[in-house]
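K.L.:
model the following, please.
(one chain, ligands or ions: 2)
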Amino acid sequence: MNNCTTTERRNQFASDNYAGICPEAWQAMEEANRGYACSYGDDTWTERACRLLRDTFETDCEVFFVFNGTAANSLALASLCQSYHSIICHETSHIETDECGAAEFFSNGTKILLVPGPHGKVDPDAVEHTVKRRLDIHYPKPKVLSITQATELGTLYSVDELRELGHLARRLDLRVHMDGARFANAVAALGVHPSEITWKAGVDVLCFGGTKNGMAVGEAVVFFNRELAREFDYRCKQAGQLASKMRFLAAPWIGMLESGAWLTRSAHANACAAKLEARLRDIPGVGIRFPRQANSVFADLPPGVVDALHGLGWHFYTFIGSGGARFMCSWETSDQDIDLLATDIAGCCNR
Ligand SMILES: Cc1ncc(COP(=O)(O)O)c(C=O)c1O
Ligand SMILES: C[C@H](O)[C@H](N)C(=O)O
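P.N.:
Residues are numbered from 1 along each chain as shown. Ligands and ions are numbered 1, 2, ... in the order given. As a prediction, this is how the structure comes out:
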């Protein structure tokens, strides 16, 4: 008999997309749900949300709303290159591991080239080597560098690291895509202005995640290089990503941006991950696999503990990156959730 607690669990740690809709997003949806509004993005909510994002980034960026992160990433990437090009990304990138070949599909075959790097972040030297290793006609010419901020492994690129990558990309004639499914967590954790880790560092397009930030659905594709946004609306339409009731994708962005919840809710998730990390570090036999810099903790657990925790009803992934158990916190994670999980992990480790 193990001494793990067995109680009904309200929240899980598999993903921040397990969480519900945060109050600010929900209220904005309710406010938008009044009467008729123009469809396909011609409504006032969409116009206001786009304006708020331009204000947030302090630049005249082009903004489009799509349903999910895979669509945002793959359609944005397809806009940055041709099928005979290649996209360079980290070997643990979501576009490589968890989007079912969407980027290759929507770009009509652009090849993804993987590079290593510490803690889920691309190594600039590996990027340069991948570009320069072959210059002949037979090699798919590298055209895009894709980075994820916060990374799939819960780490962050610093402002300086992003600036270095931006300079490198310019020197190598690469366009820069940022998978920002957890961009809000990065901004909250770094405490910087969002422009500092995007267009000022050389990012051409950001896929800004709303879903994991607390919205029901919806990601913003933010083109800082407006020329690359040409006809992106047609690309969205063809891919089934042009919402007819666009106001309900856009309105939550208004709620989150106007209230500041995009930052406060992600800061909460980050703080929860820090609390969980502290609890796990006190459990003998548990290792922390990567620096915890955003809203997830990657833990190495003793043999049998993963199965024991799953047996207690805990949901968490072990397939992200190079292994380990990923515990992801969200805007909705509570101290009680953290205590329940940590107590069960300790109990299962002490069997
Ligand atoms: C880093 C990262 N990028 C992109 C996505 C894709 O998002 P979606 O599952 O909405 O397609 C995810 C999913 O959670 C993710 O973790
Ligand atoms: C991995 C899974 O596809 C999802 N992107 C998540 O982070 O939970």
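K.L.:
for Val63, list each beta-bridge partner.
P.N.:
Judged by DSSP bridges, the bridge partners of Val63 are Val222.
K.L.:
what's the pLDDT at the residue of the stretch 51-200 of the chain at minimum distance from ligand 1?
P.N.:
Residue nearest to ligand 1 within the stretch 51-200 of the chain (CB to the nearest ligand atom): Gly69, separated by 2.5 Å. C-betas here are computed from N, CA, C, even on glycine. On pLDDT, Gly69 comes in at 98.
K.L.:
equivalent analysis for Arg351, please.
P.N.:
83.
K.L.:
return the distance of it relative to ligand 2.
P.N.:
28 Å (CB to the nearest ligand atom, to the nearest Å).
K.L.:
for burial, what's the neighbour tally of that residue?
P.N.:
Neighbourhood size, Arg351 [other CB atoms under 10 Å]: 12.
K.L.:
check Asn17 too.
P.N.:
For Asn17, using other CB under 10 Å, the count is 14.
K.L.:
ok so, going back, neighbours of the residue of the stretch 51-200 of the chain closest to ligand 1, how many?
P.N.:
26.
K.L.:
contacting residues for the nearest residue to it once chain neighbours are set aside?
P.N.:
By the measure of CB to CB, 6 or more residues apart in numbering, the closest residue to Gly69 outside its immediate chain neighbours is Ala181, 4.6 Å from it. Neighbour list for Ala181: Gly69, His94, Thr148, Cys207, Gly209, Thr211, Lys212, Glu219 [criterion: CB atoms under 8 Å, 6 or more residues apart in numbering].
K.L.:
over to Asp16?
P.N.:
Asp16 touches Arg182, Lys212, Ala269, Asn295, Met328, Cys329, Ser330, Trp331, counting by CB under 8 Å, 6+ apart.
K.L.:
what about the second one, which SS state?
P.N.:
Spelled out, that is Lys212. Three-state assignment for Lys212 (DSSP: H, G, I helix; E, B strand; the rest coil): coil.
K.L.:
I figured it hits Ser296, correct?
P.N.:
No: here Lys212 does not reach Ser296: they are 10.5 Å apart, not a contact under CB atoms under 8 Å.
K.L.:
how far away is the residue of the stretch 51-200 of the chain closest to ligand 1 from Pro116?
P.N.:
23 Å (CB to CB, to the nearest Å).
K.L.:
and Phe57, by the same measure?
P.N.:
Distance from Phe57 to Pro116, by CB to CB: 31 Å.
K.L.:
which of the two has more neighbours?
P.N.:
Shown here are Phe57 and Pro116; by other CB under 10 Å, Phe57 has more neighbours (20 against 11).
K.L.:
who are the contact partners of the more buried one?
P.N.:
Counting by CB under 8 Å, 6+ apart, the residues that Phe57 touches are Pro194, Ser195, Thr198, Trp199, Val222, Phe224.
K.L.:
taking the residues you listed one by one, which sit in helices?
P.N.:
Among the contacts of Phe57, no member falls in helices (criterion: DSSP state H).
K.L.:
would you turn those residues into a markdown table with pLDDT and distance to Leu77?
P.N.:
Output for the contacts of Phe57, formatted as a markdown table (pLDDT from 0 to 100; distance: CB to CB, whole Å):
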| residue | pLDDT | distance to Leu77 |
| --- | --- | --- |
| Pro194 | 98 | 21 |
| Ser195 | 98 | 22 |
| Thr198 | 98 | 16 |
| Trp199 | 98 | 18 |
| Val222 | 99 | 14 |
| Phe224 | 98 | 15 |
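K.L.:
of the residues you listed - the most surrounded one?
P.N.:
Counting neighbours by other CB under 10 Å, Val222 comes out on top of these with 30 neighbours.
K.L.:
for this protein, which helix is longest?
P.N.:
helix 261-281.
K.L.:
ranges for the strands of the stretch 51-200 of the chain?
P.N.:
For the stretch 51-200 of the chain, the strands defined by DSSP state E, counting those that start in this stretch occupy 62-66, 85-90, 111-115, 141-148, 175-180.
K.L.:
pick the most deeply packed of these.
P.N.:
strand 175-180 (a mean of 27; mean count of other CB atoms under 10 Å).
K.L.:
list the residues that contact the residue nearest to Ala150 when sequence neighbours are not counted.
P.N.:
Spatial nearest neighbour of Ala150, excluding adjacent residues (CB to CB, 6+ apart): Ala294 at 3.8 Å. Neighbour list for Ala294: Ala150, Gly154, Thr155, Leu156, Arg182, Asn185, Ala186, Ala189, Ala269, Asn270, Ala273 [criterion: CB under 8 Å, 6+ apart].
K.L.:
got a winner among those residues for most neighbours?
P.N.:
Asn185 (32 neighbours).
K.L.:
can you give the distance of stretch 50-61 from its chain's centre?
P.N.:
Put simply, stretch 50-61 sits 19 Å off its chain's centre (CA atoms, centre = their mean, to the nearest Å).
K.L.:
got the buried residues for that stretch?
P.N.:
Cys50, Leu52, Leu53, Thr56, Phe57, Cys61 (16 or more other CB atoms under 10 Å).
K.L.:
okay, and which of those map to helices?
P.N.:
Those of the buried residues of stretch 50-61 lying in helices (DSSP H): Cys50, Leu52, Leu53, Thr56, Phe57.
K.L.:
contacts only, for the second one.
P.N.:
Residues counted as contacts of Leu52 (CB under 8 Å, 6+ apart) are Trp253, Ile254, Leu257, Glu258.
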